[in-house]
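J.: Here's my sequence, what's the structure:
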Amino acid sequence: MEKIILVVFGATPAPNALDFACYLSGMGRSRLTGYFFEDNKFEDKPVMKSAFGFPYVETIVAGDIPESMEQRAKTAQNMKAFMEACEEKGILATACRSKRSDITAIIAESSFADLLIIDAAASYDNGQQEPLSDLVKEILASAQCPVIIAPVAHHAIEEIVFCYDGSPSSLFAMKQFVYLLPDPDAVKATAVQVNKSEDIPEAEKKRVMQWLSRHYNYADFIVLKGNGENELLTYLLKKKHAMVVMGAYGRNMLSRFFRQSHADLLVKTLAYPLFITHY
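T.: From the prediction side, this is the model:
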């Protein structure tokens, strides 16, 4: 990988997200770009607006609001700390400031990035933990590169769990992950069948195992019985030091095997990385 984007909600990057981003950047010797979101209620300069069909100029700017000035100063301080932390770890890094209401710059930047990382425990101004806000969902749906939801706590990865249902979407996610991230010999790869309608043919399972064996020294194929979504969640909650890979969150929901609400539940309860990509 050449370029990784880290999306930071609030002024301060969570230590777990920063550590995880530096961990991945170090693996691939990739440049890390940190985007720091601010929730400014006012513009930096007067702008033309409209109310009841009449134009007017909004003269109150961010510089007039003490809280806004404090927030900008804190963001600048944390951007500097981010750069210093990356330099200490030997990671080439860039820090950018962005408004929370405008993600177009990040989406455009993702077209030229290999990976985008979001913090699973993004903290908002109201102090509540909302792992999948509307903004995060929009980034997941619109990003032009694979996305990783960073874990609540960073641990060494010992197993890769590929959620597989035989669809092109799930197979594409498996390939994208293998192409982007190195495959250490000590890491185990497990393909988990999650569709609840019918079993995957034995010949297809064999092909999946052959493909995994070419990339990992340890490979397995697990078939879950019962309700696919519930069984998968139960299975994943028992895992430790794992990375979960799926192609189940994107623009064409018909090609996905998870409901959106189920993906929310996964992110809120899992304590390890979740790799998501489009097909």
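
J.: Helices along the stretch 151-279 of the chain, start to end?
T.: For the stretch 151-279 of the chain, the helices defined by DSSP state H, counting those that start in this stretch cover 168-180, 202-215, 228-237, 260-269.

J.: Can you tell me which of those is packed in deepest?
T.: Ranked by mean neighbour count, these are led by helix 168-180 with a mean of 19 (mean count of other CB atoms under 10 Å). Glycine gets a C-beta too; all of them are placed from N, C-alpha and C.

J.: what residue ranges in the protein score low on pLDDT?
T.: 10-13, 39-68, 100-102, 120-134, 182-185, 194-198, 227-229, 248-271 (pLDDT under 70).

J.: got the domain boundaries for it?
T.: Under the assignment automatic domain parsing, the domains of the chain span 3-39+68-150, 159-276.

J.: mind putting the helices of the stretch 151-279 of the chain in TSV, distance to Ala186 included?
T.: As requested, the helices of the stretch 151-279 of the chain are exported to TSV (distance: least, CB to CB, whole Å):
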stretch	distance to Ala186
helix 168-180	16
helix 202-215	13
helix 228-237	21
helix 260-269	25
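
J.: nearest to Ser110, of those?
T.: Closest approach to Ser110 among those (CB to CB): helix 168-180, 13.6 Å.

J.: other SSEs contacting the closest one?
T.: Secondary-structure packing of helix 168-180 (3 or more CB pairs under 8 Å, 6 or more residues apart in numbering; DSSP states H and E): strand 159-164, strand 242-246, strand 274-276.

J.: rewinding a little: for Ala17, which of the helices of the stretch 151-279 of the chain is the nearest?
T.: Comparing the helices of the stretch 151-279 of the chain against Ala17 with CB to CB, the closest turns out to be helix 260-269 (13.3 Å).

J.: Would you work out how far apart the start and end of stretch 211-222 are?
T.: End-to-end distance for stretch 211-222: 15 Å, by CA to CA, to the nearest Å.

J.: typed the wrong thing, it's stretch 233-241
T.: 16 Å.

J.: picking up where we left off before, now the helices and strands packed on helix 168-180 in TSV, with distance to Tyr235 and mean neighbour count?
T.: Shown next, in TSV, are these (distance: least, CB to CB, whole Å; neighbours: other CB atoms under 10 Å):
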stretch	distance to Tyr235	mean neighbour count
strand 159-164	8	25
strand 242-246	10	24
strand 274-276	14	24
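
J.: In CSV, list these along with distance to Tyr35.
T.: Below are those laid out as CSV (distance: least, CB to CB, whole Å):
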stretch, distance to Tyr35
strand 159-164, 27
strand 242-246, 23
strand 274-276, 18
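
J.: ok, which stretches of the stretch 51-200 of the chain are strands?
T.: 54-58, 93-99, 115-119, 147-150, 159-164, 188-193 (DSSP state E, counting those that start in this stretch).
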